[in-house]
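Participant: Structure for the following, please:
(one chain, ligands or ions: 1)
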Amino acid sequence: MTEPAFVTSELRYAGFCRHPEAMLIRGGSWRPTSIPALFAVLRHARFGVILFDTGYTSRFLEQTRSFPARVYRWLTPLVLNEADTAARQLAGMGIDPGSVGRIIISHFHADHIAGARDFPSARFVATEDAYHRVKRSGPWGRLRRGFLPGLLPEDFPDRVDLLRPEDFKSEGLPGLGPGVDLFGDGSIQLIRLPGHAAGQVGALLRLPGGARQFLIADAAWTTRSIREDRPSHRATGLILDDASSTTETLSILHRLIERDPSLDVVPSHCPQRALRQGPGPSSPGFTARPPPA
Ligand SMILES: [Zn+2]
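Facilitator: Next comes the predicted model:
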């Protein structure tokens, strides 16, 4: 019998910002911690290299020079070594950024799409809900939604495949509903994660040997939040699309890992996870408390 289709997954981080840990998780320390911006390099035997998000690039700084976008830069003080961008890290892995065929955009916050312009041949996939919500916003609405349109390539509308509600019909996950089977072979399912940003999706991966990894973007900010079902600081409610569904999604994730501890759930900004994984080839300033034993 042949093995079902799978992808390999390599977690990487491009840039980080600094915030008190207590903002990420209620009851956390008020000491600042480094909050990494994840992207994942997925490889599929037939479809080649696929990225899940892109992390930061210095375009974030270019795009936040003037008001009101400048406020975004104050809220998320970025530390970025150019060698840490997704394109540079891929080149270091022997992957030509021009060969990346697909980029899954979990949602349109700047720390997830800042590298989009570095992959000229990639097609993008995102939900229609996520894209329309940010595209139709004015300058202040964009700031509130963490969206900087200049981060997307000019031909983005021609290169994006937008997922409509009726496209969600694969098995999915209990509590989160059906997913979109990206390649029709079960290797990557995109699954809705409501609350943090309109139309946010995560990627449920089937890895070699059948293990499963769930890239959940910003549905939770740390692994501990999920384990303890403990949300972020109340103040972060201001930037959430919907605070009550954020809490609900977190509880669903908590129940999922209780039921299946082998499911590897990966938040995009967990400092401890990045520390375990290696935060980036040149992030000497990255400091976070080591994962609890
Ligand atoms: Zn984020």
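Participant: Could you use CA atoms for every contact and neighbour count after this?
Facilitator: OK.
Participant: Return the residues in contact with V49.
Facilitator: The neighbourhood of V49, defined by CA atoms under 8 Å, 6 or more residues apart in numbering, consists of 41-43, 99-102.
Participant: Can you convert those residues into JSON lines and add a column each for pLDDT and secondary structure?
Facilitator: What follows is the contacts of V49, written out as JSON lines (pLDDT from 0 to 100; DSSP: H, G, I helix; E, B strand; the rest coil):
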{"residue": "V41", "pLDDT": "98", "secondary structure": "strand"}
{"residue": "L42", "pLDDT": "98", "secondary structure": "strand"}
{"residue": "R43", "pLDDT": "98", "secondary structure": "strand"}
{"residue": "S99", "pLDDT": "97", "secondary structure": "helix"}
{"residue": "V100", "pLDDT": "98", "secondary structure": "coil"}
{"residue": "G101", "pLDDT": "96", "secondary structure": "coil"}
{"residue": "R102", "pLDDT": "98", "secondary structure": "strand"}
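Participant: Could you turn the buried ones of those residues into a PyMOL selection?
Facilitator: Remark: buried members of the contacts of V49, expressed as a PyMOL selection using 16 or more other CA atoms under 10 Å:
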select buried, resi 41+42+43+100+101+102
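Participant: so which of the contacts of V49 comes closest to D111?
Facilitator: For the contacts of V49, the minimum distance to D111 (CA to CA) is 16.1 Å, reached by V41.
Participant: hang on, that closest one packs against L51?
Facilitator: Yes. V41 is within contact range of L51, at 5.0 Å (criterion: CA atoms under 8 Å).
Participant: circling back: and of the contacts of V49, the nearest to A69?
Facilitator: Among these, R102 lies closest to A69 (CA to CA), at 28.1 Å.
Participant: I'd like to know how far that closest one sits from S251.
Facilitator: Going from R102 to S251 by CA to CA, to the nearest Å gives 30 Å.
Participant: Could you list the buried residues of the one helix or strand L253 maps to?
Facilitator: Using DSSP states H and E, L253 sits in helix 243-259. Neighbour-count burial for helix 243-259, counted by 16+ other CA under 10 Å, picks out 243, 245-256.
Participant: which of those residues lies closest to R117?
Facilitator: Using CA to CA, T246 comes nearest to R117 of the buried residues of helix 243-259, at 29.5 Å.
Participant: residue contacts, the closest one?
Facilitator: By CA under 8 Å, 6+ apart, the contact set of T246 is 194-196, 219, 240.
Participant: out of those, which is most surrounded?
Facilitator: Counting neighbours by other CA atoms under 10 Å, the top entry in the contacts of T246 is A219, with 28 neighbours.
Participant: In which helix or strand does that one reside?
Facilitator: A219 is part of no helix or strand, with elements assigned from DSSP H and E.
Participant: so what's it scoring on pLDDT?
Facilitator: As predicted, A219 sits at a pLDDT of 96.
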